[in-house]
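1. give me coordinates for this.
(one chain, ligands or ions: 1)
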Amino acid sequence: MACNLRCKMCYFTDKDYVKTLKGQFKEDEINQVAKTIFNRALKLQIGCGTEPTLYKNLVKIVELGKAYAVSYISITTNANLLTK
Ligand code: SF4
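-> Numbering: from 1, shown residues only. Prediction:
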């Protein structure tokens with residue numbers, strides 16, 4: 001849970017709330033989440049209310065979605081870190 005922007009209406013402007021957002025899933029934890037629920041998922045929604053492009057293993061999550069044949073994989077991003 002992180003974002004590189006601080007949109008006025010968003011909880012990321014609340015410094016006390018942001019302080020509570022610590023840690024990241026480790027790779028083995030991501031694999032466990034995928035193994036447990038991706039085979040039953042109709043959709044894998046990455047981001048929305050956070051910025052997924054800040055997560056260095058973003059590609060890995062998409063790859064896991066593909067590996068478990070999730071039929072719809074979607075990313076919501078503020079696009080500030082996207083390049084051509
Ligand atoms: S999560 Fe979305 S709405 Fe909130 S600060 Fe980031 S870009 Fe803005």
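2. isn't Phe12 up against Cys3?
-> Yes - if you go by Cβ atoms under 8 Å, Phe12 and Cys3 touch, sitting 4.7 Å apart. Any C-beta I mention is one placed from the backbone N, CA and C, and that applies to glycine too.
3. after the helix or strand harbouring Leu64 comes which helix or strand?
-> Leu64 is located in helix 58-67, with elements delineated by DSSP states H and E. Heading C-terminal from helix 58-67, the first helix or strand you meet, by DSSP H and E, is strand 72-76.
4. can you pull the residues of this structure lying near the ligand?
-> Residues of the chain that fall close to the ligand, judged by Cβ under 6 Å from any ligand atom: 3, 5-7, 10, 12, 49-51, 78.
5. rerun that using 8 Å as the cut-off
-> 3-7, 9-13, 49-51, 78 (Cβ under 8 Å from any ligand atom).
6. adding neighbour count as columns, could you present those in a markdown table?
-> Shown next, in a markdown table, are the residues of the chain next to the ligand (neighbours: other Cβ atoms under 10 Å):
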| residue | neighbour count |
| --- | --- |
| Cys3 | 21 |
| Asn4 | 11 |
| Leu5 | 10 |
| Arg6 | 11 |
| Cys7 | 10 |
| Met9 | 6 |
| Cys10 | 13 |
| Tyr11 | 13 |
| Phe12 | 19 |
| Thr13 | 13 |
| Gly49 | 10 |
| Thr50 | 18 |
| Glu51 | 20 |
| Asn78 | 15 |
